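Colleague: Have a look at this fold, sequence not included:
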């Protein structure tokens, strides 16, 4: 067996400062997000990234006490955060928030949705609403996992969704 040595010209490293932080400025996060969005638009021709939130406010104080947040982009609804205080759980409010978010995602043209939850949080809640497990990744504490889930959004509200 013979080998051929290939010399690759040295590419100079660009001058940069690399900063590790646990407290990035919101403007810095926006700069990265906006740059990635521009990249995606250049490659797809689709400019549809939008935040999505369904908020629960205290009627007396108008303060947000729970709700869900996410975003839609390129036909996909990302459910990022979902929280209800214990006093509001089990009332059907969570189901209503999820329905509103999924309906809005459908109205925006989303065909599918993704989220992750933790085994001690609400995977059963999502499964009861048509979400399917994609997989799990162990995390702390030991015996706990992040559960990644998806749901098809092509069926209108009130009709069951089915996995392909």
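Modeller: Nice, thanks for sending it over. Keep in mind that what you see is a predicted model, and the values were worked out from it rather than measured.
Colleague: List the residues that contact residue 144.
Modeller: 118-120, 138 (Cβ atoms under 8 Å, 6 or more residues apart in numbering). The C-beta positions use only the backbone N, C-alpha and C, and glycine is treated the same way.
Colleague: Remind me which helix or strand the nearest residue to residue 84 once chain neighbours are set aside belongs to.
Modeller: Distances taken as Cβ to Cβ, 6 or more residues apart in numbering put residue 66 closest to residue 84, at 4.2 Å, once the chain neighbours are dropped. Assessed by DSSP states H and E, residue 66 sits inside strand 64-73.
Colleague: Pull out the buried positions in that strand.
Modeller: Within strand 64-73, the residues that qualify as buried are 66-73, counting by 16 or more other Cβ atoms under 10 Å.
Colleague: so which of those residues comes closest to residue 87?
Modeller: Of all these, residue 66 has the smallest distance to residue 87: 9.8 Å, by Cβ to Cβ.
Colleague: residues contacting the closest one?
Modeller: Contact analysis of residue 66 by Cβ under 8 Å, 6+ apart lists 55-56, 83-85, 88.
Colleague: Looking at the protein, which helix is longest?
Modeller: The residue-count maximum for a helix in the chain (DSSP state H) belongs to helix 26-44.
Colleague: what sits up against it?
Modeller: Residues outside helix 26-44 that contact it (Cβ under 8 Å, 6+ apart): 46-47, 49, 73-74.
Colleague: and the helix or strand just after that helix, what other elements does it pack with?
Modeller: Once helix 26-44 ends, the next helix or strand along the chain (criterion: DSSP H and E) is strand 50-57. Identification of packing neighbours for strand 50-57 by 3 or more Cβ pairs under 8 Å, 6 or more residues apart in numbering; DSSP states H and E yields strand 64-73, helix 93-107.
Colleague: try it again with 10 Å
Modeller: strand 64-73, strand 76-83, helix 93-107 (3 or more Cβ pairs under 10 Å, 6 or more residues apart in numbering; DSSP states H and E).
Colleague: For the ones you listed, could you give me CSV that also reports mean pLDDT?
Modeller: What follows is these, written out as CSV (pLDDT from 0 to 100):
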stretch, mean pLDDT
strand 64-73, 98
strand 76-83, 98
helix 93-107, 98
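Colleague: Redo those as JSON lines? Include distance to residue 133.
Modeller: Formatted as JSON lines, the helices and strands packed on strand 50-57 follow (distance: least, Cβ to Cβ, whole Å):
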{"stretch": "strand 64-73", "distance to residue 133": "19"}
{"stretch": "strand 76-83", "distance to residue 133": "14"}
{"stretch": "helix 93-107", "distance to residue 133": "17"}
